[in-house]
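Undergrad: Need coordinates for the following:
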Amino acid sequence: MKPFICFIGGANSTIAQFREIYLGSEMNITPNSASNRKVLAFFVLGTVLLCACGLRHPELYTVQEDIPMRVDGRLDFVRMDDAVVASINIEIADTPETQIKGLMGRTVLDYTEGMLFVFERVRPQNFLMKNTPISLDIIFIGQDGCVVNIAESTTPMSDTLYRSKGPIKYVVEVKAGFAKYFEIEKGTCINWRLL
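TA: Residues are numbered from 1 along each chain as shown. All right, here's what the predicted structure looks like:
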């Protein structure tokens, strides 16, 4: 199957592109014959319709201005031997409003930053990626400050539920691949402080 291409140019260049790509160069098409004008009309109409179909959901194509991370604190991931394996700047989500919003709408996140959710009560938590256009690692952390489980490389913009495997006090959201790269796993702990 030939790829679909939106052509830009005058009628003669469009006809030449159409002939070359879709019909091969051996067919002689001129804009003057009646049957060829019908073919050209259907081609142009089809091109317009296919290009217009891409505009059905314009919000998917608009470039959103990125929301910068607010630096509220610093968080270290620490192994059982007390070696720090990674340090990040954190934005803290400690109110129901900031926890519901999380990283929604953020389009950029690098390995030096993340979001720390601090929950009032220790209990199992569920997260989803609705309105979050970037993939994340969601790190669920117990009251003792150590990793309970990790949801790695979550699916952006989905309603999939990512669940903690037990009661937790904290969640750290970081760029997808962070946990694997820094070998963050069950038993790795965190230390964090406000700036």
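Undergrad: For the closest residue to residue 71 other than its chain neighbours, give me its contacts.
TA: Nearest residue to residue 71, sequence neighbours excluded (CB to CB, 6 or more residues apart in numbering): residue 89, at 4.6 Å. Placement of C-beta: from N, CA and C, glycine included. By CB atoms under 8 Å, 6 or more residues apart in numbering, the residues touching residue 89 are 69, 71, 73, 74, 75, 112, 113, 114.
Undergrad: got those as a markdown table, with neighbour count, distance to residue 81 and pLDDT columns?
TA: As requested, those are exported to a markdown table (neighbours: other CB atoms under 10 Å; distance: CB to CB, whole Å; pLDDT from 0 to 100):
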| residue | neighbour count | distance to residue 81 | pLDDT |
| --- | --- | --- | --- |
| 69 | 19 | 30 | 91 |
| 71 | 13 | 28 | 97 |
| 73 | 14 | 24 | 98 |
| 74 | 14 | 21 | 98 |
| 75 | 22 | 19 | 98 |
| 112 | 13 | 23 | 97 |
| 113 | 20 | 26 | 97 |
| 114 | 24 | 23 | 98 |
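Undergrad: Quickly name whichever of those residues is closest to residue 105.
TA: residue 69 (12.3 Å; CB to CB).
Undergrad: List the residues that contact that closest one.
TA: Contact analysis of residue 69 by CB under 8 Å, 6+ apart lists 89, 91, 106, 109, 113, 115.
Undergrad: can you tell me which two in the residues you listed are farthest apart?
TA: Within the contacts of residue 69 (distances taken as CB to CB), the two that end up farthest apart are 89 and 106, at 13.9 Å.
Undergrad: and the helix or strand hosting residue 140, what does it pack onto?
TA: Per DSSP states H and E: residue 140 is located in strand 136-141. On a contact count with 3 or more CB pairs under 8 Å, 6 or more residues apart in numbering; DSSP states H and E, strand 136-141 meets strand 147-151, strand 168-175, helix 178-181.
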